[in-house]
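Q: Sequence first, predicted coordinates after that:
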Amino acid sequence: VAGAVAQPTPANPPPQKLAGRPSELSTGEPRTSYEDVTTYNNFYEFGTDKDDPARHAHRLRTRPWTVSVEGAVARPGVYDIEKLLALAPIEERVYRMRCVEGWSMVIPWLGYSFAELIRRVEPLGSAKYVEFETLADADQMPGLRSPVLRWPYVEGLRLDEAMHPLTLLCVGLYGEVLPRQNGAPVRIVVPWKYGFKSGKSLVAIRFVEKEPLTAWHLAAPREYGFYSNVNPDVPHPRWSQATERRIGDGGFLARKRKTLMFNGYADQVASLYAGMDLRRHF
Ligand SMILES: Nc1nc2c(c(=O)[nH]1)N[C@H]1C(S)=C(S)[C@@H](COP(=O)(O)O)O[C@H]1N2
Ligand SMILES: [Mo]
């Protein structure tokens, strides 16, 4: 049931509550159930099956935790997670999320606009992109044994994309601190891009001059470009991007939904790409 209180599974500690004020940026669409949001995951550091993260992420130690803010900023520094949590008021942002594999969810995230952090660290003029790096610790993350991706998991955004109010520094979901399988204790969420742009369990945020080389691009450059905006007109060699299956819609027999340009956020973000050929910059 959507909105149901989380039941602790044997593997995972009981959830901790976290409040967030409602946001104008939220969609009113029905939410994907807590159960689906926390058991159908991609987090390859814990394995490549959809249930691997929920089964193995209990091994992740989320305290103490720091995020290093580095590169072309006037105020670099190592942020303790508690300081990050207190940096700006927490909002509930209900976003549509679309995985490149062809499924989608509606998730009530908790966090604040990443721009809040960007403003405080004062990017220099040379900062054109932001690189996000996930923890890579083989003791906690059994998936690192597999060379399916180059570790650590790295993702990136152009600075103006990172500054966009929709881009969320995410610390929770469904009224609780972020479950480990969803990227505890802090991740990024970029709702108009394919899910893999939303890096989990971040340990470093780097302001850089050049377009970052991302983990998925390195693994399969023909399949994953830097931008990875949700775009029904740009096919992927293995999965259709024209339609999607909303998790919870009734399994594989359910009618598929049409995938929307920029995942339905075109009014807010299309101007970021004015004049760009999105087939070339996919
Ligand atoms: N570090 C890391 N971040 C990651 C991934 C991953 O494997 N490792 N998978 C990505 C993909 S493909 C998706 S669809 C989303 C899934 O987020 P969710 O499990 O919270 O829904 O996380 C993204 N972030
Ligand atoms: Mo994904």
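A: Everything's here; your move. Ligands and ions are numbered 1, 2, ... in the order given.
Q: Quick check: the residue of this protein nearest ligand 1.
A: Closest residue of the chain to ligand 1, Cβ to the nearest ligand atom: residue 195 (2.4 Å). In this view, the C-beta of every residue, glycine as well, is placed from N, C-alpha and C.
Q: so residue 18 makes contact with residue 179?
A: No. Between residue 18 and residue 179 there is no contact under Cβ atoms under 8 Å: 11.3 Å.
Q: In terms of pLDDT, where does the residue of the chain positioned farthest from its centre sit?
A: Distance from the C-alpha centroid of the chain peaks at residue 253, with 27.7 Å (Cα atoms, centre = their mean). If you check residue 253, the pLDDT there is 78.
Q: now it: how far from residue 245?
A: Going from residue 253 to residue 245 by Cβ to Cβ, to the nearest Å gives 10 Å.
Q: now swap in residue 202 and tell me
A: 28 Å.
Q: Quick one: the helices in the chain, in order.
A: Per DSSP state H, the chain carries helices over the ranges 34-39, 52-56, 81-85, 114-121, 159-163, 215-219, 266-269.
Q: okay, these, which one's buried deepest?
A: Neighbour counts (mean count of other Cβ atoms under 10 Å) averaged over each of the helices of the chain peak at helix 52-56, with a mean of 21.
Q: Is that helix in proximity to ligand 2?
A: No. If you take Cβ under 5 Å from the ion as the test, helix 52-56 misses ligand 2, and the best it gets is 12.0 Å.
Q: quick one: average confidence on that helix?
A: Mean pLDDT, helix 52-56: 98.
Q: Ok, stretch 70-86 next?
A: In the prediction, stretch 70-86 has an average pLDDT of 98.
Q: Ok, stretch 35-43 next?
A: Stretch 35-43 carries an average pLDDT of 98.
Q: now do stretch 94-111
A: Averaged over stretch 94-111, pLDDT sits at 98.
Q: ok, back up a step: count the neighbours of the closest residue to the residue of the chain closest to ligand 1 other than its chain neighbours for me.
A: The spatial neighbour of residue 195 that comes closest, neighbours along the chain excluded (Cβ to Cβ, 6 or more residues apart in numbering), is residue 99 at 4.2 Å. Residue 99 has 19 neighbours, counted by other Cβ atoms under 10 Å.
Q: Local confidence estimate at residue 4?
A: The model's pLDDT for residue 4 equals 49.
Q: Please read the previous query as pertaining to residue 14.
A: For residue 14, the model assigns a pLDDT of 73.
Q: again, but for the one 4 residues further on
A: Among the per-residue scores, residue 18 shows a pLDDT of 98.
Q: Tell me which residues of stretch 196-212 come out buried.
A: 196-208, 212 (16 or more other Cβ atoms under 10 Å).
Q: tell me which parts of the stretch 101-250 of the chain are close to ligand 1?
A: By the rule Cβ under 6 Å from any ligand atom, the part of the stretch 101-250 of the chain lying against ligand 1 is 134, 153, 182-183, 195-196, 198-201.
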